[in-house]
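In: Build the 3D model from these lines:
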Amino acid sequence: MRMQALVRAIYPPQCLCCEALVEQDFALCGACWRDMPFVTGLACDTCGLPLPGVEDDGARIQCDDCLRTPRPWARGRAVAAYGGNARRMVLQLKHADRLDLARPLGDWMARAAAPILTPDMIIAPVPLHWFRLLRRRANQSALLGARIAQVTGLPHIPDLLLRARHTPSQEGRGRDARFRNLSGALRAHPRRIAQAQGRHVLLVDDVMTSGATLAAGAETLKAAGVAEVSVLVVARVSQGGP
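Out: Just a heads-up that it's a prediction; the model follows:
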């Protein structure tokens, strides 16, 4: 305890975003918390997009995007809207080697997913192609999935899905181009998929924009014998967003 107190005295806890002093590790200061667009009210039951209105217990509500584009997964949740500190933290985890952010983001994801978790669920991340993995050094979705599994006690199969080919970035592409870009890009791991057949898989990614990546993953898993897929992301981009 003395050593721990000494370490905290030398290295006091800092805000995850601005490095201001905070009371505990892996926390946000008040200002950064206010700039974190958490989904706290009514949200789409399929993708987690925050919606105007008041929650109606028991009623399943879908956003216009999910009504217009039927999803190959059952239910979905998002921690936050894509903006403010949610966007900042996602980009730092993905591109700035802030691997420490996987812990608080994974904790928030586990809480957001609580209403859709089932005892038979398997957690699986959206995969990266090996070439992109070399450049980034880590798959941010796999790091998030590992933390969610640790918090929930559910099994995690980080390579249940494989990226069969290197795809260009989705950034700047329209909806149709995003779906075309992912066509045939994913496949189920031949030595892992037996563990998930007939089970419910929670597919984890950092951001959902059009849903093309998650749709490709869900369709691949269901074609390989998975009974049902739900999805979980850190942030949901609203229609017309980046």
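In: from here on, contacts and neighbour counts on C-alpha atoms
Out: Will do.
In: just the strands in this protein please.
Out: Along the chain, counting by DSSP state E, strands occupy 76-81, 121-125, 161-163, 186-188, 200-208, 228-236.
In: quick one, which of those strands is nearest to residue 40?
Out: Closest of those to residue 40 is strand 76-81, at 8.4 Å (criterion: C-alpha to C-alpha).
In: Give me the angle between that closest one and strand 228-236.
Out: Computed by axes from the mean of the first three to the mean of the last three C-alpha atoms, to 10 degrees, the angle separating strand 76-81 from strand 228-236 equals 10 degrees.
In: and strand 76-81, what does it pack onto?
Out: Counting contacts by 3 or more C-alpha pairs under 8 Å, 6 or more residues apart in numbering; DSSP states H and E, strand 76-81 is packed against helix 102-113, strand 228-236.
In: Now it: average pLDDT?
Out: The average pLDDT for strand 76-81 rounds to 98.
In: which residues make contact with that strand from outside it?
Out: 36-39, 44-50, 86, 108-109, 112-113, 116, 230-238 (C-alpha atoms under 8 Å, 6 or more residues apart in numbering).
In: and residue 167, what does it touch?
Out: Taking C-alpha under 8 Å, 6+ apart as the criterion, residue 167 is in contact with 181, 182, 185.
In: can we see that at 10 Å?
Out: Applying C-alpha atoms under 10 Å, 6 or more residues apart in numbering to residue 167 gives the contacts 128, 129, 132, 181, 182, 183, 185.
In: again with residue 138
Out: 93, 94, 95, 97, 99, 128, 132.
In: The nearest residue to the second one once chain neighbours are set aside: how many residues sit nearby?
Out: Going back to what we said before, that points to residue 94. Nearest residue to residue 94 in three dimensions, chain neighbours excluded: residue 140, at 5.9 Å (C-alpha to C-alpha, 6 or more residues apart in numbering). Per other C-alpha atoms under 10 Å, the neighbour tally for residue 140 reads 27.
In: Perfect, that will be all.
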